[in-house]
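>>> Need a 3D model of the sequence below.
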Amino acid sequence: MNESSPIVLVVDDEVQIRRFLRAGLELDGFVVQDAETGNDALKSVTLKQPDLVILDLGLPDMDGGDVLERLRSWSTVPLIVLSVRSNEAEKVRLLESGADDYVVKPFELRELMARMRAVIRRFGGHAQSTIGTAQTRLDLSSRELTHGETTSALSAKEFHLMHALLEHPGSVLSRTQLEERIYGWDDEVASNTVEVLIHGVRRKFGADVIRNVRGLGWCVSKADA
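Numbers count the residues shown, from 1 in each chain. Below is the predicted model:
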């Protein structure tokens, strides 16, 4: 895979659309991932960190608008809605909810690719290689966390925990929000699993790496951002 190629997640329940977009986008230098359902899309953004999401609204398990709303509660990944719905009020609603562009089906592939590149340029190219604050930074490639003078590799679940907290330093995430980021939307988890992971991270980096907000959840301080 060419490391300079933007990674695009195509979310559409029609296999023909996914195949058509994969063929056209790969020819134009994009790396294409795909998802058929909203739940798969949410998991893919968490685990695979695409540079751009192409989102259809008519998904089998949930409306694409709900996928957008969930994504925007924790992610700023660039996103283009691709839909047969051409209602102007619907377009405005989704753009105000966080979509970066809206393309109506049927569409010209060249126009879609031009819009994709424009959105990616607005966000400065590819996804960030690190996120966090001056004191606490997460390397998205190596999955290493640096807090103060300590750097250490994280387990997969610790990585998802810290990724969620460091995307928006200072924002408090609830137990449910963290469970969704760490374990996915379909998994059943024990009631204390978030605390167990937090304890493991604190054991490596010190108690101040994650702050508990009583009755609400956890956050990473943005004071040093």
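
>>> Okay, domains of the chain per the record?
The domain map for the chain lists 7-122, 130-219, with the assignment taken from automatic domain parsing.

>>> Which strand or helix spans the residue nearest the centre of the chain?
Most central in the chain under CA atoms, centre = their mean is V45, positioned 3.9 Å from the mean C-alpha point. Using DSSP states H and E, V45 sits in helix 38-48.

>>> before we move on, the earlier item: could you tell me the least trusted of the domains of the chain?
When the domains of the chain are compared by mean pLDDT, domain 130-219 comes last with a mean of 86.

>>> how long is it from one end to the other?
The separation between the terminal residues of domain 130-219, taken as CA to CA, to the nearest Å, is 18 Å.

>>> ok, which stretches of the chain are helices?
Counting by DSSP state H, the chain forms helices over residues 15-27, 38-48, 64-72, 88-96, 109-122, 156-167, 175-183, 193-205, given from the N-terminal end onward.

>>> Show me what the second one is packed against.
By that I understand helix 38-48. Helices and strands touching helix 38-48, as assessed by 3 or more CB pairs under 8 Å, 6 or more residues apart in numbering; DSSP states H and E, comprise strand 7-11, strand 31-35, strand 52-55, helix 64-72, helix 156-167. To be clear about C-beta, it is placed using only N, CA and C from the backbone, and glycine gets the same treatment.

>>> got a markdown table for those, with mean neighbour count and distance to E111 too?
Shown next, in a markdown table, are the helices and strands packed on helix 38-48 (neighbours: other CB atoms under 10 Å; distance: least, CB to CB, whole Å):
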| stretch | mean neighbour count | distance to E111 |
| --- | --- | --- |
| strand 7-11 | 23 | 15 |
| strand 31-35 | 19 | 18 |
| strand 52-55 | 25 | 13 |
| helix 64-72 | 19 | 20 |
| helix 156-167 | 21 | 31 |
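
>>> nearest to L82, of these?
The closest of those to L82 is strand 52-55. By CB to CB, the value is 5.3 Å.

>>> How about residues contacting that closest one?
6-12, 21, 41, 45, 64, 67-68, 71, 77-82, 99, 112, 116, 119-120 (CB atoms under 8 Å, 6 or more residues apart in numbering).

>>> in its sheet, what does it sit against?
Here strand 52-55 has these sheet partners by DSSP bridges: strand 7-11 (parallel), strand 79-83 (parallel).

>>> quick one: it to chain centroid distance?
What separates the centre of strand 52-55 from the centre of its chain is 10 Å, taken as CA atoms, centre = their mean, to the nearest Å.

>>> and that strand, C-alpha only, in PDB?
Once side chains and other backbone atoms are set aside, the C-alpha atoms of strand 52-55 remain, and they are given as PDB (Å, rounded to 0.1, in the frame of the first residue of the first chain):
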ATOM      1  CA  LEU A  52     -12.400  10.300   4.800                       C
ATOM      2  CA  VAL A  53     -15.800   8.600   5.100                       C
ATOM      3  CA  ILE A  54     -18.300   8.300   2.300                       C
ATOM      4  CA  LEU A  55     -21.700   7.600   4.000                       C
END
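
>>> For the strands paired with strand 52-55, please prepare a markdown table with the additional fields distance to I210.
Listed next are the strands paired with strand 52-55 as a markdown table, based on distance: least, CB to CB, whole Å:
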| stretch | distance to I210 |
| --- | --- |
| strand 7-11 | 29 |
| strand 79-83 | 28 |
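
>>> That'll do, ta.
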